[in-house]
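Chemist: Sequence and computational prediction follow.
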Amino acid sequence: MRQMRGQKGAVLVVSLIVLLVLTLIGVSGARTVLLEEKMTFASRDAKTALEVAESLVKRGEKYVDGVNTTGDFDTKNWLHNEGEGPVGLMNADTWGDSNSSEFEVSMEGPDGNKMKGRMYIELAGNADKEDPANDITVGGYGQSTGGGEIKVFRIVAQGIGISGTTKRIIVSHYGKRF
C-alpha cells in the first residue's frame, strides 16, 4: 500500500498528453484530406467547363462551315454583325438570352443530364488581303484557286462546369471563303 501512495498520476498525465497530440494529428490529417478533396473537385469542375467551351467552339465552327451567306447574322440573338457583338466577356448581360444562346453538348454530368454552355458568333470582317495566313488559319487555304473573300468569324463560348458556378470562356477566330 505504501507504494501506491507514492504515485502522483504521472503516467496518466503523460498518456493524456500523448492522446491529445495524436488527436491533433488525426484532426489535422482529416482537414488536409477534406481540403485536397475540395481542390480536386474544383480542378475537375474547371476542366469540365473548359471541355464544354471547347465543344461549343467546335459546334460554332461547324455552324460557320454550313452557312452560305452572312444574311442570318443579326436575325438571331447569338449571331451578331461586325462590331455589334456584346462588349465585355465578364458582363452578365453578355451571357443573357439577348446576346447568346444556350446549347447542350454531348458530355453528361454526374446526374446523367447533358452539360450546357452559352455561345455567340460575331462576324469580324474580312481577312487581310495581303497575307491572310498570318492573321487566321483558313481550312484549305492555298489549296484552291477559287476566288471570294475570306470572312472571319469570332466564336465566343462559355462552358459551365458541374457545379454550375465554374465558368470558362474561349474566344476563337475562324475563317471561311465565300
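Modeler: Now that the structure is in, tell me what you want to look at.

Chemist: ok, A46 - how many residues close by?
Modeler: Residues near A46, counting by other Cβ atoms under 10 Å, number 17. All C-beta atoms are positioned from the backbone trio N, CA, C, and that covers glycine.

Chemist: Now it: closest residue in space, sequence neighbours ignored.
Modeler: T166 (5.6 Å; Cβ to Cβ, 6 or more residues apart in numbering).

Chemist: For this structure, which segments count as helices?
Modeler: 2-6, 10-66, 132-135 (DSSP state H).

Chemist: lowest-confidence stretch among those helices?
Modeler: For those, mean pLDDT drops lowest on helix 132-135, to a mean of 53.

Chemist: and the longest strand along the chain, average pLDDT?
Modeler: In terms of residue count, the longest strand belonging to the chain (DSSP state E) is strand 114-126. Mean pLDDT, computed over strand 114-126, is 93.

Chemist: So which bits of that strand are buried?
Modeler: By neighbour count on 16 or more other Cβ atoms under 10 Å, the buried set for strand 114-126 is 115-124.

Chemist: any chance of the helices of the chain in a markdown table, with distance to K76 too?
Modeler: Formatted as a markdown table, the helices of the chain follow (distance: least, Cβ to Cβ, whole Å):
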| stretch | distance to K76 |
| --- | --- |
| helix 2-6 | 91 |
| helix 10-66 | 11 |
| helix 132-135 | 27 |
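
Chemist: residues touching D65, list them.
Modeler: Each residue near D65 by Cβ atoms under 8 Å, 6 or more residues apart in numbering is listed here: K176.
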